[in-house]
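Colleague: Dropping a prediction and its sequence here:
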Amino acid sequence: QEQLVQSGGGLVQAGDSVRLSCAASGDTFSSLAMGWFRQAPGKERAFVAAIRWDTGRPYYGDPARNRFTLSRDKVENTAYLEMTNLNLEDTAVYYCAASGMWVAKRPDQYKTWGQGTQVTVSS
């Protein structure tokens, strides 16, 4: 079973940008889509964005629309979530995950998860 290793994140100021990466182990990414979720303290895990691995077409949830960009590099087996104009509400642990579905927006549609990375936005 492939593994997902996340990097990026940390402490940033409101209005800043940050990029998260999610690298899949192995020679090729064997799933159909890679998604990103976030979970703030006391809240449920929320869909941020996902990307179909074959076409590279992304689709976004409400938190990401117009501010975040998701892309993937098939050679590197890595997805990149570029987040801009961050605000305090973006503070959360961000998770990448792999799905056997082309379009998946619920956590239960994902089979493999990264370790999570903290993004903290300060004022």
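Modeller: Cool, the structure landed.

Colleague: any idea how far the most centrally placed residue in the chain is from Pro63?
Modeller: Residue closest to the average C-alpha location in the chain (CA atoms, centre = their mean): Trp36, at 2.7 Å. Distance of Trp36 to Pro63, computed by CB to CB, to the nearest Å: 10 Å. Backbone N, C-alpha and C define where each C-beta goes, glycine included.

Colleague: any common contacting residues for these two?
Modeller: When contacts are counted by CB atoms under 8 Å, 6 or more residues apart in numbering, Trp36 and Pro63 have Val48 as shared neighbours.

Colleague: Spatially nearest residue to Ser122, not counting backbone neighbours?
Modeller: Using CB to CB, 6 or more residues apart in numbering and skipping the chain neighbours, the partner closest in space to Ser122 is Gln13 (5.6 Å).

Colleague: nope, Gly8 is what I meant
Modeller: Leu20 (4.1 Å).

Colleague: Could you tell me how many residues sit around the residue nearest to Ser122?
Modeller: Number of residues near Gln13 (other CB atoms under 10 Å) recorded here: 9.

Colleague: Model confidence score at the residue nearest to Gly8, please.
Modeller: At Leu20, the pLDDT value in this model is 98.

Colleague: Please name the bridge partners of it.
Modeller: Gly8, Leu81 (DSSP bridges).

Colleague: pretty sure it is in contact with Met83, am I right?
Modeller: Yes. Contact status for Leu20 versus Met83: in contact at 7.2 Å, counting by CB atoms under 8 Å.

Colleague: returning to what we had before: and the residue nearest to Ser122, what does it touch?
Modeller: Val121, Ser122, Ser123.

Colleague: Who wins on neighbours among these?
Modeller: Neighbour max across the contacts of Gln13 (other CB under 10 Å) = Val121, 19 neighbours.

Colleague: Quickly find the element holding that one.
Modeller: strand 117-122 (DSSP states H and E).

Colleague: Brilliant, that's me finished.
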